[in-house]
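Asks: Can you look at this prediction? I've put the sequence above it.
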Amino acid sequence: MEIVRTVAWMKQVARQARADGRILGFVPTMGALHAGHFSLVRRAKEQCSPVVVSIFVNPKQFGPSEDLQRYPRTFDADSAALEKLGVDYLFAPPPEEIYPAGFQTAVEVEGLSNRLEGRSRPGHFRGVATVVLKLLEIVQPRFAYFGRKDAQQVRIVQQMARDLELDAEIVACPIVREPDGLALSSRNAYLKGDDRRAATALFRSLQAVEREISSGERDAARLIVAARKVLDAERGVALDYAEIVGAESFEPVVGIRRKCYVLMAAFVGSTRLIDNGFIEQDGDSFRFTF
Ligand code: AMP
């Protein structure tokens, strides 16, 4: 595996792959890698060669009071794991490569970016869209892999790819969870003791929604009540939002229908976690995917 530190060299590698008619796959990450990231890499390896993984903790997607400084950084372990998985290139530029002095462009996917995560984290998706577009321009992948863990993020990136006629196909991959249901996240490293146990409340509240749906409940407000009950019962967990939204619009729905998401964010101690479940109509019943 080659570690690439500059934009110029990454572009050179990408151009060559394209000229050789190879199918380049790309997995953008912020490092502190876990089995969720690795599942994206494996998926990319199945479909593409070469595979490029980026590690870049993007300052533009963190708010002023968020955890940019203390975000976990485990480069040596990440790099060793990616090498073992057979990744061809690890693109790990320093911040000044991506945002040199004088950088003044931002990408805004309107509407979708202001709800849910975007409402709680103003400017977050503008930072995400800006860096993802820049990375896609540098790496020029045929396929780029994102986790459904960040469902709103994937939706926004797909919208951007559609609106701007990007060549990359955006592939959404399943959520990888711990055996007790907690969705893997680099931020889980912050959870100690009681917080780690309490963090399963997000998954348990999704299970409560699934149970209600399988016993016939279709009303979004009542399903959210069921989710909140689980979260409110857990001390040390403070709900930020829990909503059921259409899978395309990310607008709240009144009753569940064809394709929607239950999306939630909660603080467990001082750690902010997100999770979601996908609800899909299947004949007269609904399928729930965690
Ligand atoms: P991050 O490093 O948190 O920016 O995440 C990089 C990519 O990994 C994003 O597309 C995430 O959605 C994805 N990802 C993070 N956690 C998981 C998970 N538990 N399961 C699947 N994908 C994930």
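Replies: Here it is on my side, so go on. Numbers count the residues shown, from 1 in each chain.
Asks: Please count neighbours and contacts with C-alpha atoms only from this point.
Replies: OK.
Asks: CA atoms only for stretch 116-130 - export them in CSV, please.
Replies: The C-alpha trace of stretch 116-130 is given here as CSV (Å, rounded to 0.1, in the frame of the first residue of the first chain):
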residue,chain,number,x,y,z
LEU,A,116,-32.0,17.0,11.4
GLU,A,117,-28.2,16.8,11.7
GLY,A,118,-27.9,20.0,9.8
ARG,A,119,-30.2,21.9,12.2
SER,A,120,-28.3,20.6,15.2
ARG,A,121,-24.9,21.2,13.6
PRO,A,122,-25.1,24.4,11.5
GLY,A,123,-22.6,24.3,8.6
HIS,A,124,-21.8,20.6,9.1
PHE,A,125,-23.1,19.5,5.7
ARG,A,126,-21.6,22.4,3.9
GLY,A,127,-18.3,21.2,5.3
VAL,A,128,-19.0,17.6,4.3
ALA,A,129,-20.2,18.5,0.7
THR,A,130,-17.2,20.7,0.2
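Asks: Outside of that stretch itself, list whatever touches it.
Replies: Applying Cα atoms under 8 Å, 6 or more residues apart in numbering, the contact partners of stretch 116-130 are 58-63, 105-109, 113-114, 152-153, 156-157, 160, 240-241, 265.
Asks: And what about the residue positioned nearest the centre of the chain, helix, strand or coil?
Replies: Centroid check for the chain by Cα atoms, centre = their mean gives Asp150 as the closest residue, at 3.1 Å. At Asp150, secondary structure determined by DSSP: H, G, I helix; E, B strand; the rest coil is helix.
Asks: so where do the strands sit in the stretch 1-150 of the chain?
Replies: Ranges of strands in the stretch 1-150 of the chain, per DSSP state E, counting those that start in this stretch, are 2-4, 25-29, 51-55, 89-91, 143-147.
Asks: need these in JSON lines with distance to the ligand and mean neighbour count, can you?
Replies: Converted to JSON lines, those look like this (distance: least, Cα to the nearest ligand atom, whole Å; neighbours: other Cα atoms under 10 Å):
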{"stretch": "strand 2-4", "distance to the ligand": "18", "mean neighbour count": "15"}
{"stretch": "strand 25-29", "distance to the ligand": "4", "mean neighbour count": "25"}
{"stretch": "strand 51-55", "distance to the ligand": "8", "mean neighbour count": "25"}
{"stretch": "strand 89-91", "distance to the ligand": "13", "mean neighbour count": "23"}
{"stretch": "strand 143-147", "distance to the ligand": "3", "mean neighbour count": "23"}
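Asks: looking at the sheet around the residue lying closest to Val27 once chain neighbours are set aside, what are its partners?
Replies: Distances taken as Cα to Cα, 6 or more residues apart in numbering place Val53 nearest to Val27, at 4.7 Å, with adjacent residues excluded. Legend: beta-bridge partners of Val53 under DSSP bridges are Val27, Leu90.
Asks: Surely Val53 is in contact with Leu90?
Replies: Yes: judged on Cα atoms under 8 Å, Val53 makes contact with Leu90 at a distance of 5.0 Å.
Asks: mind checking how far the residue nearest to Val27 is from Phe26?
Replies: From Val53 across to Phe26, the span is 6 Å (Cα to Cα, to the nearest Å).
Asks: Tell me the spatial nearest neighbour of Asn114, not counting adjacent residues.
Replies: Excluding the flanking residues, the one nearest Asn114 by Cα to Cα, 6+ apart is Pro122, at 7.5 Å.
Asks: Show the backbone phi and psi for that neighbour.
Replies: Per-residue torsions, Pro122: phi -60, psi 130 (degrees, to the nearest 10).
Asks: And for Gln207?
Replies: In terms of degrees, to the nearest 10, the main-chain angles of Gln207 are phi -60, psi -40.
Asks: Can you get me a residue count around it?
Replies: 19 (other Cα atoms under 10 Å).
Asks: Val262 now?
Replies: Residues within reach of Val262, counting by other Cα under 10 Å, total 26.
Asks: what does the stretch 51-200 of the chain put close to the ligand?
Replies: Phe146, Gly147, Arg148, Lys149, Asp150, Pro174, Ile175, Val176, Arg177, Ala183, Leu184, Ser185 (Cα under 6 Å from any ligand atom).
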